[in-house]
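Novice: Quick check, what structure comes out for this input:
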Amino acid sequence: MNIGDKAYNFQLLDKDGKTVQLSDFLGKKVVLYFYPKDNTPGCTREAQDFKRLFDEFAGNNTVVIGISKDSVQSHVNFATKYDLPFVLLSDPDLVAIKAYDVWQQKTMCGRTSMGVVRTTFVIDEHGIVVNKYDKVKVDGHADKVLQCVCSL
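Specialist: Residues are numbered from 1 along each chain as shown. A predicted model of the protein is given here:
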């Protein structure tokens, strides 16, 4: 999935067990961020940064959606623990994760494995990818994404 592409219209369960499709948000901008795992230090900081800026995103007609391969129950626990106000979607079958090409080989501590590479897509009101952030470094990321959204 690259800039200029029509965003893949996935269908996944949210933390409340409801089915959510990307097309549900046509007419709004979408910040779609993929992250490796609930309740890990980097993913928690990233989620808290999006939470801190949540009202500013909402004021810019923008929905924030986080996706990982964690279970619905894991998302419930994560969202409750940190009072996360945005959508978290569970993708245990890697449907959206693979469609957005964020399931990649990673190396950590000398070991190689497949996993979710932290990536964010900004999607416009018509469902077109207008920006993509690869191999995201958490610190300052949500602020950069907000600047992008405000410039659209």
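Novice: Where in this structure is the helix or strand with the lowest mean pLDDT?
Specialist: Least confident element among the helices and strands of the chain, by mean pLDDT, DSSP states H and E: strand 103-108 (a mean of 85).
Novice: Against which helices or strands is that one packed?
Specialist: Strand 103-108 sits against strand 111-116, with contacts defined as 3 or more C-beta pairs under 8 Å, 6 or more residues apart in numbering; DSSP states H and E. The way it works is simple: take the backbone N, C-alpha and C, and place the C-beta from them, glycine included.
Novice: same for the strand it packs on, what does it pack against?
Specialist: Partner elements for strand 111-116 (3+ C-beta pairs under 8 Å, 6+ apart): strand 103-108.
Novice: picking up where we left off before, and the least confident helix or strand of the chain, which strands flank it?
Specialist: Strand 103-108 sits in its sheet next to strand 111-116 (antiparallel), going by DSSP bridges.
Novice: Now do the buried residues in the partner strand.
Specialist: Neighbour-count burial for strand 111-116, counted by 16 or more other C-beta atoms under 10 Å, picks out Val116.
Novice: Number the residues from 688 up from this point.
Specialist: Noted, 688 is the first residue going forward, which turns the last one into strand 798-803.
Novice: pLDDT of it, averaged?
Specialist: Across strand 798-803, the average pLDDT comes to 90.
Novice: what's around Ile752, how many residues?
Specialist: By the criterion of other C-beta atoms under 10 Å, Ile752 has 23 neighbours.
Novice: and the residue nearest to Ser758 when sequence neighbours are not counted, how many neighbours?
Specialist: Nearest residue to Ser758, sequence neighbours excluded (C-beta to C-beta, 6 or more residues apart in numbering): Ser777, at 5.8 Å. Number of residues near Ser777 (other C-beta under 10 Å) recorded here: 22.
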